[in-house]
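Enquirer: structural data only, the sequence is not supplied:
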Ligand SMILES: Nc1ncnc2c1ncn2[C@@H]1O[C@H](COP(=O)(O)OP(=O)(O)O)[C@@H](O)[C@H]1O
Ligand SMILES: [Mg+2]
């Protein structure tokens, strides 16, 4: 009796183990499959005579559907992505880390729980809704506040991206601060340190790797975001010279144009190449974040 | 010389964590320049009383304290008392060594930096580090690696460093909460020797659950039980001729 049950449970265990293993392996397979697919769709253009990788990376001329002279320069789009992300981080880092410090060091009990829920709610807003907000709320506000003709510009998209990447910064940043042993706070407090001195001189240095990881994850979120920036940047292919200039990002270009292209046409392939470019950027950002987080564990 | 100079006097100190009363009217006079140990079974309120003396108990929001605690003649629960100045004058050493996640050098000068009105000269800081580390017997071992991270030191050195970082602030009183409980026999002996070398210049109050340590390493001993002070006497008197029957039961090992 007991013998049969234990064989059953052994098989059951084996099956569950296999299932879990499959889940783990499938994640790796999916990542490679995605990369392979994107690469397969985009790579053939590299061999084409009419295409120059140099131009692709350094030209600002993006005329993918021109009849006479097709040009695939992504520099303006890259500049759009980088400037929107950069400005977004200028806004998001102080607010995000400030909020992380506030939640972790100044709030207790109910206030803290409520704040965390609100911040998570912020993370749950779909990006298309942010896009609407950019289009219908931020646009007139920016026009009226700064007396500029269009409110769909770098600033608008950057504010949206900042709001979208703040939640992840707050929750990872708060974790990093929570991980600092309380004995450090107590030791500094007993030496007569004020709250700010403890934060500035003890907690930030102790948690700096975790906080940096929080920022980089926020950057990753911002670089990859599509819908909201598509609606809020004004969609003009140009290198922005001020935060009130319209621009266009790499992601928005793919989203807006891929549906219009013929499969395996040069335009289609170039859009996939842009995908690879984005992949590379986020991969580098994530890699840095990863190394930084590993640094935390070692100490 | 009057031996009656007092560092800490408390009158009817009561303390509650929420509804739970942890101290039930403590009256005690702690003499200047002496080592006073606090003994008693676990949970009797030794740590709580010690943490009243620099008011770090107040970190937990639910603490209520009544009564009077005078340090060097001033009631530290008066509204005009600066916690920063209080904690500068009253150093604390914790149960587990807790050097800050900074270099050895920065740990020692941390107090000076946070209390400095203007920026300090490198020379002054260097002098303070050398002096504090020499006083705690660390200088010869550590002088060549002052920029190493303090949390990588051996536990005994970490605990000595936690004492050393108090000294540049010239505290009147040093509070120690079971400072040897994380250390081995040699580490314990080293800390006790250090305490004797610091006694006289500083008033030391040490919590210990180790009666042998109280006997070896203190001038006076206070026995507490369930939030009350049962007996306070010179150490040899308390251990040889306890006046209260509960004290004698405790030192004979009848409670945990
Ligand atoms: N932060 C706190 N909140 C609630 N109760 C506490 C807290 N700290 C200590 N206590 C309680 O107060 C009593 C005395 O604790 P403590 O002073 O740490 O004792 P000891 O140091 O003598 O072991 C214990 O019953 C303990 O459970
Ligand atoms: Mg204790």
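Expert: Right, received. Where do you want to start? Everything quoted here is computed from the prediction, not taken from an experiment. Numbering: from 1, shown residues only, chains lettered A, B, ... in the order given. Ligands and ions are numbered 1, 2, ... in the order given.

Enquirer: how about the secondary structure of residue B:223?
Expert: At residue B:223 the chain is in strand, as set by DSSP: H, G, I helix; E, B strand; the rest coil.

Enquirer: surely it touches residue B:230?
Expert: Yes: taking contacts as CB atoms under 8 Å, residue B:223 lies within contact range of residue B:230: 4.8 Å. Heads up, the C-betas are built off the backbone N, CA and C, glycines and all.

Enquirer: who's more crowded, the two?
Expert: A direct count of neighbours by other CB atoms under 10 Å in any protein chain shown for residue B:223 and residue B:230 places residue B:223 higher, at 28 against 18.

Enquirer: please name the nearest non-neighbouring residue to residue A:187.
Expert: Take residue A:187 and drop its neighbours on the chain: the residue closest to it by CB to CB, 6 or more residues apart in numbering or on different chains is residue B:98, 4.4 Å away.

Enquirer: circling back to that earlier point, quick check: neighbours shared by residue B:223 and residue B:230?
Expert: Counting by CB atoms under 8 Å, 6 or more residues apart in numbering or on different chains, the contacts common to residue B:223 and residue B:230 are B:40, B:244, B:246, B:247.

Enquirer: which pair in those spans the largest distance?
Expert: Spanning the widest gap among those are B:40 and B:244, at 12.2 Å by CB to CB.

Enquirer: between those two, who's got more neighbours?
Expert: Using other CB under 10 Å as the criterion, residue B:40 and residue B:244 rank with residue B:40 on top: 25 against 14.

Enquirer: report the buried residues of the host helix or strand of residue B:21.
Expert: Residue B:21 belongs to strand B:20-31 when assigned by DSSP states H and E. Going by neighbour count (16 or more other CB atoms under 10 Å in any protein chain shown), the buried part of strand B:20-31 is B:22, B:23, B:25, B:26, B:28, B:30, B:31.

Enquirer: state the distance from the closest residue in space to the fifth one that isn't next to it in sequence to residue B:68.
Expert: Same thing as residue B:28. Nearest residue to residue B:28, sequence neighbours excluded (CB to CB, 6+ apart): residue B:10, at 5.1 Å. Counting by CB to CB, to the nearest Å, the separation of residue B:10 from residue B:68 is 7 Å.

Enquirer: more neighbours: which of the two?
Expert: Between residue B:10 and residue B:68, residue B:10 has the larger neighbour count (other CB under 10 Å), namely 22 against 14.

Enquirer: that one and residue B:50, how far apart?
Expert: Distance, residue B:10 to residue B:50, using CB to CB: 12 Å.

Enquirer: look up phi and psi at the residue in the stretch 1-150 of chain A that chain B sits nearest to.
Expert: Here the stretch 1-150 of chain A gets closest to chain B at one residue, residue A:108, 6.3 Å apart by CB to the nearest CB. In terms of degrees, to the nearest 10, the main-chain angles of residue A:108 are phi -130, psi 160.

Enquirer: could you measure from residue B:17 over to chain A?
Expert: Separation of residue B:17 from chain A (CB to the nearest CB, to the nearest Å): 15 Å.

Enquirer: residues near that residue, how many?
Expert: 14.

Enquirer: how far away from the center of its chain is the strand holding residue B:21?
Expert: 16 Å (CA atoms, centre = their mean, to the nearest Å).

Enquirer: next helix or strand past it?
Expert: strand B:35-39.

Enquirer: that older thread, so for the residue nearest to residue A:187, what's the pLDDT?
Expert: pLDDT for residue B:98: 93.
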